[in-house]
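Trainee: Next come a sequence and a model predicted from it.
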Amino acid sequence: MEALNLDVDKEDTKRRIEELISVNKELVEIRNQQKFTATGRIARMIAHEVRNPLTNINLAVEQLRAEFPPEANSRFLFDMIERNSKRINQIISELLDSTKFSQLHFSTNSLKEILEESMQDSEISTLLKHVQIIKNYAADAETICVDREKLKIAFLHIIKNALQAMEGSEHPRLTIETSKLAGKLIIVISDTGCGMDVEAQSKVFEPYYTTKAGSHGLGLTTTQNIILNHEGNINLTSEAGKGTSFKIRIGQGGVN
């Protein structure tokens with residue numbers, strides 16, 4: 001009788017642990033969604049506050065062009081102001097695009113084809129020639145209803161991030177796996193790069209966070225945006241010096 005009670009207690013404990021894990025996952029997803037929504041709201045506020053004076057600057061430059069003689073020095077200065085004004089406006093547009101819920105165009109696609117096309121992109125195809133690529137595509141995780149082009153962009157940013165992390169690595173390896181669990185498609189993209197510490201992991205999806213020279217830090221923000229727009233979720237595990245693994249979960253019909 002005592003042994004039976006122990007078995008019951010073990011089963012009850014196991015069930016409670018599974019429930020806690022499930023609830024924790026839901027809380028993480030809710031937190032990510034709330035964080036994304038708040039980031040978008042802040043981005044819109046910043047855009048409004050910056051674009052108003054930017055418009056005044058552009059109008060002032062137009063007026064000054066009309067009033068000043070077209071000397072080489074003044075033209076150079078006016079051109080510089082306009083060029084940088086356009087750059088600021090472009091940065092604002094990129095920020096807004098990476099943090100807003102956008103309209104999706106769903107169609108039935110091959111998940112394998114989308115992943116393969118992402119790796120054939122001209123920006124990374126040459127770099128991939130020097131990397132060992134391991135692919136493990138599950139047969140039951142083949143068909144998916146998504147916005148093909150946007151999901152391809154999401155994968156592309158992750159792969160680019162992986163390649164950058166593996167620069168200088170002696171044995172660079174990229175692993176791409178797909179599977180199906182509880183009606184959801186799971187995509188895992190892993191690298192053997194430099195990895196990230198805990199602080200970097202907590203900031204990796206934030207706009208403009210980057211540790212790389214020449215990067216705007218919007219790639220993974222855009223990736224998260226696309227996945228959340230599909231009502232999916234994305235998270236990562238990483239260890240400094242060993243590599244990073246991004247895990248995406250998305251409904252086979254495009255929604256969870």
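Mentor: All right, it came through fine.
Trainee: Now do the same contact list for residue 135.
Mentor: Residue 135 makes contact with 175, 176, 177 under the criterion Cβ atoms under 8 Å, 6 or more residues apart in numbering. Heads up, the C-betas are built off the backbone N, CA and C, glycines and all.
Trainee: Alpha carbons of the helix or strand that contains it, in CSV - could you do that?
Mentor: Taking DSSP states H and E as the criterion, residue 135 maps to strand 132-136. What follows is strand 132-136, C-alpha atoms only, in CSV (Å, rounded to 0.1, in the frame of the first residue of the first chain):
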residue,chain,number,x,y,z
GLN,A,132,29.8,22.7,-42.4
ILE,A,133,26.0,22.5,-42.8
ILE,A,134,24.0,19.8,-41.1
LYS,A,135,20.3,19.5,-42.1
ASN,A,136,17.7,17.4,-40.5
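Trainee: tell me which residues of it are tucked away?
Mentor: Neighbour-count burial for strand 132-136, counted by 16 or more other Cβ atoms under 10 Å, picks out no residue.
Trainee: average pLDDT across it?
Mentor: The average pLDDT within strand 132-136 is 94.
Trainee: Mind checking what helix or strand follows that strand in sequence?
Mentor: Later in the chain than strand 132-136, the nearest helix or strand by DSSP H and E is strand 143-146.
Trainee: pull the CA atoms of that following strand into PDB?
Mentor: Only the C-alpha atoms of strand 143-146 are listed here, as PDB (Å, rounded to 0.1, in the frame of the first residue of the first chain):
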ATOM      1  CA  THR A 143       4.000  21.800 -45.200                       C
ATOM      2  CA  ILE A 144       3.300  25.200 -43.600                       C
ATOM      3  CA  CYS A 145       0.900  28.000 -44.300                       C
ATOM      4  CA  VAL A 146       2.800  31.300 -43.800                       C
END
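Trainee: can you list the residues that contact that strand?
Mentor: Counting by Cβ under 8 Å, 6+ apart, 104, 106-111, 114, 185, 230, 250, 252-254 sit against strand 143-146.
Trainee: for the stretch 151-256 of the chain, what spans make up the strands?
Mentor: Secondary structure of the stretch 151-256 of the chain, counting by DSSP state E, counting those that start in this stretch: strands at 173-181, 184-191, 233-239, 243-251.
Trainee: what angle separates the third one from strand 184-191?
Mentor: Just to be clear, that refers to strand 233-239. Relative orientation of strand 233-239 versus strand 184-191 (axes from the mean of the first three to the mean of the last three Cα atoms, to 10 degrees): 30 degrees.
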